[in-house]
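Asks: Next one to model:
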Amino acid sequence: MDSELSRQILDIIRVKDTENFDDVIAGMNDWQMSYHLGSLRKAFLHGFVFNGKRALEVGPGFGALTGMLLDHFDSVDVLEPSPVCIEGLKTRYRHRQNLNIIAEPEKGQKYDLILAIDCLDRTGTDRGKTLRELKGLLAEDGTLICNFHNRLGIRYLCGCQDSFVPQPFLLYRPGALLSRSETVQLLKDALDDDFCMYYPVPDSSWCQMLFSDDDMPSGSIRDRLLSYDPFGNTQVVYEPDLYDDLLKEGVFGTFANEFLIQYQAGEEQSPQVTSAVISADREQPRAYGISFLSDGTVRKSALYQEGTASLAAMQENMETLRDRGIPVIREALIQNDVIMPRYHLPTLQNCLLSIAEEGKEQLEKVFDRMYEMILRSSETIRNEGCGPILQTGYIDMIPLNIFFDGHEFLYFDQEFTMPECPAAYIIFRAVLYAWLLIPNLEKHYPREEMEKRFHLTGYLQNYQEMENAFVGVNRQWQKFKQYYNWQNQPQRAEENRRRLRGKQKHD
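Replies: You can find the predicted model right below:
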């Protein structure tokens, strides 16, 4: 990061007395601004449980992750070499009493957590030495969390670039980035075998999912993932096109963009997180992390204090649906977290294509059944031209939120409701996302036919406007619009391939 940009970031921190700058930087088309000042970088940490009193953060920059450590630990030491960043840290967290800027740890000091993100890859051949030094600073049961960028990462193979790979396909610079096998060997040499390797997807800077070798998804992940490229327009392959194939072939870990490492000194904490789904870009009362644990349970937690009431409301929704004869998963609200058993079932969304391949009648039966469940979920208060108006519309009664065993539905995450809601709007959402996320569905059953089946045709614009309004608020399109503008686009990759072909012909 150049000195001029550092000064600009520091000036922003000085002007506004806050720790959260999402509203200030909204729409700024500058990755470094979002990286150092935005809140989405904290997302990957929500999958872990913090214990202890003292933490150390190495290379915090302007403190995008520091605030979360300050929330959880009595004392947080930070090692930051940049004088400008140090001033930014002190100013940003001016009201905190537990932040300590240090030149080096005190002799004999031990830490319950050490966090080293995006700094070890910049030490080059000294990675192993740095890891061993950090290991020596851990308390008896302390935890080290660090990351490495994969030189064979999916985004690099697609032609993208970033601050670690400054030119497309520049993957083999000596001492730059490591592959997975090279990273594993480094970790074994420095930490022995007591580490867990996770794969933040698409990366740790905007982690939306977290996988491990013991817990890889069995179905498609494209429906819950937004990949992005803020560093330019050089991709020649649309990154999301590769995810499902790499999972199917069992090599996702080899080509993951990053490796997130958790090293646990002493006794391993139980249960461990094996994977997670994180929705950090939602409005704060609706921002959740869902952690899948090694004991076979699932924990849904609010990312912000405002979300605890929303979790309780979601639990009430599930109980109401169960009372109305809707099959829903078993769950309980325990200490502000929703705890449920893990269901090893595919979602209905992931089954729709195979159902359609059996014949149009089978797909119609599935959607007819969904509509029946929608009508059963609430009292009909009146009928209008668009059909029944429900007293309460549970608008997530769609394939993305239904487990399917081949015969029965099982609903989960029925979080959002809409008063006086057209039943047709909910089935519109089911059709919209089914065909949007499974383009091949159109070959077996034209979307237009399904819309006619439920008399949606004359109301499509109305329902789309309702959907845009809902998603715009829920996904905070304005607050995080730079991230959405950076989203990978298949047509952009195709245009770049055409440019390459044209250049080859010209040459």
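Asks: Which positions within the helix or strand that contains Pro388 qualify as buried?
Replies: Assessed by DSSP states H and E, Pro388 sits inside strand 387-394. Within strand 387-394, the residues that qualify as buried are Gly387, Pro388, Ile389, Leu390, Thr392, Gly393, Tyr394, counting by 16 or more other CB atoms under 10 Å. Where you see a C-beta, it was placed from the backbone N, CA and C, and this is true even at glycine.
Asks: Give me the contact list for that strand.
Replies: With CB atoms under 8 Å, 6 or more residues apart in numbering as the test, strand 387-394 has contacts from 317, 321, 374-375, 377-383, 414, 416-426, 455.
Asks: Can you report how many residues lie near the closest residue to Arg222 other than its chain neighbours?
Replies: Using CB to CB, 6 or more residues apart in numbering and skipping the chain neighbours, the partner closest in space to Arg222 is Pro240 (5.3 Å). Number of residues near Pro240 (other CB atoms under 10 Å) recorded here: 19.
Asks: Low-confidence stretches in the stretch 1-150 of the chain?
Replies: 1, 124 (pLDDT under 70).
Asks: hang on, I meant the stretch 401-507 of the chain
Replies: Residues of the stretch 401-507 of the chain that meet the cut-off, pLDDT under 70, sit at 503-507.
Asks: That one: helices as residue ranges?
Replies: 423-437, 441-444, 447-453, 460-474, 481-485, 490-506 (DSSP state H, counting those that start in this stretch).
Asks: same check, this time on the stretch 51-200 of the chain
Replies: Going by DSSP H, counting those that start in this stretch, the stretch 51-200 of the chain shows helices at 66-72, 83-92, 127-136, 154-157, 180-191.
Asks: Quick check: phi and psi at Glu331.
Replies: The phi and psi values for Glu331, taken as degrees, to the nearest 10, are phi -160, psi 160.
Asks: thinking Tyr232 is in contact with Asp162, fair?
Replies: No Tyr there; residue 232 is Gly. No: counting by CB atoms under 8 Å, Gly232 stays clear of Asp162, with 9.2 Å between them.
Asks: Common neighbours of the two, please.
Replies: Shared contacts of Gly232 and Asp162 (CB under 8 Å, 6+ apart): none.
Asks: Among these two, which residue is more densely surrounded?
Replies: Neighbour count, other CB under 10 Å: between Gly232 and Asp162, Asp162 has more, with 18 against 12.
Asks: wait, what's in contact with the more buried one?
Replies: Here Asp162 is in contact with Arg155, Phe231 (CB under 8 Å, 6+ apart).
Asks: For the residue nearest the centre of the chain, report the pLDDT, please.
Replies: Closest residue to the average C-alpha location of the chain: Gln208 at 0.7 Å, with CA atoms, centre = their mean. Per-residue pLDDT puts Gln208 at 95.
Asks: Tell me how far Ile329 lies from Tyr111.
Replies: Distance of Ile329 to Tyr111, given as CB to CB, to the nearest Å: 39 Å.
Asks: Those two: which has the busier surroundings?
Replies: Tyr111 (24 against 18).
Asks: Which residue is the nearest non-sequential neighbour of that one?
Replies: Excluding the flanking residues, the one nearest Tyr111 by CB to CB, 6+ apart is Leu56, at 4.4 Å.
Asks: now the angle from the longest strand seen in the chain to helix 180-191?
Replies: What stands out as the longest strand in the chain, according to DSSP state E, is strand 138-149. Per axes from the mean of the first three to the mean of the last three CA atoms, to 10 degrees, the angle that strand 138-149 makes with helix 180-191 is 160 degrees.
Asks: who does strand 138-149 touch, helix- and strand-wise?
Replies: For strand 138-149, the elements it packs on are strand 111-116, helix 127-136, strand 258-264, judged by 3 or more CB pairs under 8 Å, 6 or more residues apart in numbering; DSSP states H and E.
Asks: So what are the sheet partners of it and their directions?
Replies: Paired strands of strand 138-149, with direction, are strand 111-116 (parallel), strand 258-264 (antiparallel) (DSSP bridges).
Asks: For stretch 354-373, buried residues please.
Replies: Ile355, Ala356, Leu363, Glu364, Val366, Phe367, Met370, Tyr371, Met373.
Asks: separation between the fourth one and Ala434?
Replies: Summarising the geometry, the distance separating Glu364 from Ala434, computed by CB to CB, is 13 Å.
Asks: between the helices and strands packed on strand 138-149, which gets nearest to Arg7?
Replies: Evaluated over the helices and strands packed on strand 138-149, closeness to Arg7 peaks at strand 111-116, with 25.6 Å, by CB to CB.
Asks: just to revisit the earlier point, give me whichever of the helices of the stretch 51-200 of the chain is most buried.
Replies: Among the helices of the stretch 51-200 of the chain, helix 154-157 has the highest mean neighbour count (mean count of other CB atoms under 10 Å), at a mean of 23.
Asks: Noted, bye for now.
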